[in-house]
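>>> What follows is a predicted structure for the sequence shown.
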Amino acid sequence: MVNPRAGQPAAAEDLVDVAKLVTAYYAVHPDPGDAAQRVSFGTSGHRGSAFTATFNEDHILATTQAICEYRATQGIDGPLFLGADTHALSEPAQVSALEVLAANGVRVMVDARGGYTPTPAVSRAILAHNAGRGPRADGIVVTPSHNPPPDGGFKYNPPDGGPAGTDITTQIQDRANELLASGLKGVRRIPYARAAAAETTAEFDFLDQYVSALEQVVDLAAIKAAGVRIGADPLGGASVAYWGEIGERYGLDLTVVNPDVDATFRFMTLDWDGKIRMDCSSPFAMASLIARQHEFTIATGNDTDADRHGIVTPDGGLMNPNHYLAVAIDYLYRHRDGWPADAAVGKTLVSSSMIDRVAEGLDRTLLEVPVGFKWFVPGLEDGSVAFGGEESAGASFLQRDGSVWTTDKDGIILALLASEITAVTGRSPSQLYLGLTDRYGAPAYARIDTAATRAQKAALAKLSPAQVTASELAGEKIIAALTTAPGNGAPIGGLKVVAASGWFAARPSGTEDVYKLYAESFRGPEHLAAIQEQAREIVAAAIG
């Protein structure tokens, strides 16, 4: 249910008490015997809040020590790039991490400007370093992404530059929880002043290294020549200084719509549930920018660590992420002559089937993988996948010459791409999407959450296709019941059922007692509703 205040400006009572939050980070100690208070790596690292004993100094000390030990076992002895976003808990966690990293003798690269670091800038730094010979680098990004202001997050990127896979995160998570249970015995740590001054701690200009290379991935000259008016809203996040530098360095008509950084995020409009959340794909969180859609040729938003994008056009408002991904894929594969002719299109299996149809129209192989950007990392790294995208507005793509750009989501290049598309085609991405619907049909897509117990969620994650006894989905023959992804055979942690004109997928939530139900129909909203209704029946019959 949508909160009646959704899309309205935040009020004083909505704001987090930053002083109390930071105090709780140091003063509250998690109970290792409580599963909810242990270190838990989801698809994007460990997340939680200091108020609920799920993101506190003990978690970060233990996790950082576990990362140091993992690096040692893998022979990763190059620099570790350390970045952080603008959440209130990010700076304390970054300090805690540096104290442990320095005590373990890890060479740490911190931001030379003392600023904030987007996730793609860390991924880019790791890959650029590892392109040469010498010791391999990796990185840590302190961010809970678009999560509300009381939350903190901590994620590890190995030498491939992308989000760590479960084989890595399981090792780090388990060792971190051993350290928590031992009362942090085995954690090496030195005071922050010594850590900051250590010979192993060095400065790195993340912003310059990233911004100076942007011409290699996006046609900025075309954007400038066409005079595209860009409005960029960092939503108070880590990309704030980057956007100003991009506009100035490349001579773009670019306005940083909101240059403010405030750990309460008081300038935000409330999301669908009445919470402050920096979700650039949400029309409620993006209400302020949408209200200014006619002031710019293209307006864009990024979440707090800039790994997600939101695209606002004068004619279409905020684009559905699936719609923009389809347009971006169709444009890029037709305009990047330097890309490998056999490079696949990457999508998560809960993304729109419009992408399937676009890929077929481009005569390109489709690589359909489980949810999580980590599945695109190998393909982006070796060029066998030119574009990887997921329905939650995260994507990255190759440089113009077909070499790797980032192996983590990059909301900045996806935002700039919208301006390139407009400059080159003379049409907005939303206008181009209408052209795609004329060619391939107009899908109706929705995601809803349905209550589920922990036992039911566990059962859903372990389903086999044989447990689906239905033969039809909303009047059409079921042509596939999947519990592994077609692209790589990896378990999807749920179920996807496909018919000719529609599909649904059900996955358990990792943080709430619900399962997420994704569904799409190319026959309209009524057919979509019928798919959703039958999907609930199929899932209920399978999980009890």
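Cool, got the structure. Numbers count the residues shown, from 1 in each chain.

>>> Could you find the closest non-adjacent residue to residue 472?
residue 478 (6.2 Å; CB to CB, 6 or more residues apart in numbering). For the C-beta atoms, the positions are set from N, CA and C on the backbone; glycine is no exception.

>>> Relative to residue 502, how far out is the one you found?
11 Å (CB to CB, to the nearest Å).

>>> neighbour-wise, which of those two wins?
Using other CB atoms under 10 Å, the more surrounded residue of residue 478 and residue 502 is residue 502, with 27 against 17.

>>> Quick one: residues contacting that one.
Shown in contact with residue 502 (CB atoms under 8 Å, 6 or more residues apart in numbering): 473, 474, 476, 519, 520, 521, 522, 523, 527, 528, 531.

>>> again with residue 24
Going by CB under 8 Å, 6+ apart, the list of residues near residue 24 reads 50, 51, 56.

>>> Which residue, other than its chain neighbours, is closest to the second one?
Using CB to CB, 6+ apart and skipping the chain neighbours, the partner closest in space to residue 51 is residue 24 (5.4 Å).

>>> Per-residue pLDDT of the closest residue to residue 191 other than its chain neighbours, please?
Using CB to CB, 6+ apart and skipping the chain neighbours, the partner closest in space to residue 191 is residue 99 (6.9 Å). Per-residue pLDDT puts residue 99 at 98.

>>> Can you find the helix or strand in the chain with the smallest mean pLDDT?
strand 41-42 (a mean of 84; mean pLDDT, DSSP states H and E).

>>> Show me what that strand is packed up against.
Counting contacts by 3 or more CB pairs under 8 Å, 6 or more residues apart in numbering; DSSP states H and E, strand 41-42 is packed against helix 166-181.

>>> Distance from the helix it packs on to the middle of the chain?
Its chain's C-alpha centre and that of helix 166-181 lie 22 Å apart, by CA atoms, centre = their mean, to the nearest Å.

>>> Quick one: list the elements packing against that helix.
Short answer (3+ CB pairs under 8 Å, 6+ apart): helix 166-181 packs on strand 41-42, helix 57-74, strand 151-157.

>>> can you do 7 Å?
Applying 3 or more CB pairs under 7 Å, 6 or more residues apart in numbering; DSSP states H and E, one finds that helix 166-181 contacts strand 41-42, helix 57-74.

>>> okay, it in PDB with CA atoms only?
Extracted in PDB, the C-alpha atoms of helix 166-181 (Å, rounded to 0.1, in the frame of the first residue of the first chain):
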ATOM      1  CA  THR A 166      28.900 -16.100  -3.200                       C
ATOM      2  CA  ASP A 167      32.000 -18.300  -3.200                       C
ATOM      3  CA  ILE A 168      33.900 -15.300  -1.900                       C
ATOM      4  CA  THR A 169      31.300 -13.600   0.300                       C
ATOM      5  CA  THR A 170      30.500 -16.900   2.100                       C
ATOM      6  CA  GLN A 171      34.100 -17.200   3.200                       C
ATOM      7  CA  ILE A 172      34.300 -13.600   4.300                       C
ATOM      8  CA  GLN A 173      30.900 -13.800   6.100                       C
ATOM      9  CA  ASP A 174      31.700 -17.000   7.900                       C
ATOM     10  CA  ARG A 175      35.100 -15.900   9.100                       C
ATOM     11  CA  ALA A 176      33.600 -12.500  10.200                       C
ATOM     12  CA  ASN A 177      31.000 -14.300  12.300                       C
ATOM     13  CA  GLU A 178      33.700 -16.500  13.900                       C
ATOM     14  CA  LEU A 179      35.500 -13.300  14.900                       C
ATOM     15  CA  LEU A 180      32.300 -11.800  16.300                       C
ATOM     16  CA  ALA A 181      31.600 -14.900  18.300                       C
END
